[in-house]
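J.: no sequence on this one, just coordinates:
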């Protein structure tokens with residue numbers, strides 16, 4: 001059978017989508033669609049830093065390197081590297097082995113940062129791949145969930161930052 005089409009929020013968006021809420025609240029308008037790096041950096045500056053819970057969670061995790069390999073339909077592959085604890089966002093492919101590698105389409109990445117879907121939606125629906133340390137992924141998921149203002153679930157039997 002043919003794969004199902006992506007949900008409407010994961011399809012290419014009309015020009016200027018970043019000028020509309022919720023994105024217009026934190027995406028800097030550069031007069032063009034932001035690159036994956038620009039979008040993620042704006043997300044960290046415009047949303048993460050203003051979330052005390054996200055900052056607390058990011059500071060409690062061990063140092064992690066998470067690489068996002070984002071495929072844009074016109075620009076091709078864009079790499080974003082994020083370090084947790086201390087938080088740092090860099091552009092380009094990694095120079096060292098990451099704890100976690102996340103590969104997905106640009107228009108799956110956008111609604112994740114906008115809080116429209118969870119990162120797991122793209123994974124469960126076969127549009128994203130995650131390779132590496134699952135716990136690093138859960139730490140990143142917790143931080144992203146806190147940034148978006150949602151409850152951060154984590155069983156007591158699986159504390160943050162382990163193994």
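T.: Arrived safely, thanks for sending. Owing to the predicted nature of the structure, the values given are computational and were not obtained by experimental measurement.
J.: need the strands for this structure, in chain order.
T.: Along the chain, counting by DSSP state E, strands occupy 64-72, 76-84, 88-91, 100-105, 128-132.
J.: who's in contact with the shortest one?
T.: The reference is to strand 88-91. Strand 88-91 has contacts (Cβ atoms under 8 Å, 6 or more residues apart in numbering) with 35, 37, 40, 41, 44, 78, 79, 80, 81, 82, 83. (Each C-beta comes from the backbone N, C-alpha and C, glycine too.)
J.: do the second one as well
T.: Around strand 76-84, the neighbours that count as contacts under Cβ under 8 Å, 6+ apart are 35-37, 40, 44, 58, 61-72, 88-94, 98, 106, 136, 139-140, 143.
J.: Indicate each strand paired with that strand and its parallel or antiparallel sense.
T.: Here strand 76-84 is paired, per DSSP bridges, with strand 64-72 (antiparallel), strand 88-91 (antiparallel).
J.: Would you mind telling me which of those is nearest residue 117?
T.: For the strands paired with strand 76-84, distance to residue 117 was read as Cβ to Cβ. The smallest value, 15.1 Å, belongs to strand 64-72.
J.: quick check: angle from that closest one to strand 100-105?
T.: 10 degrees (axes from the mean of the first three to the mean of the last three Cα atoms, to 10 degrees).
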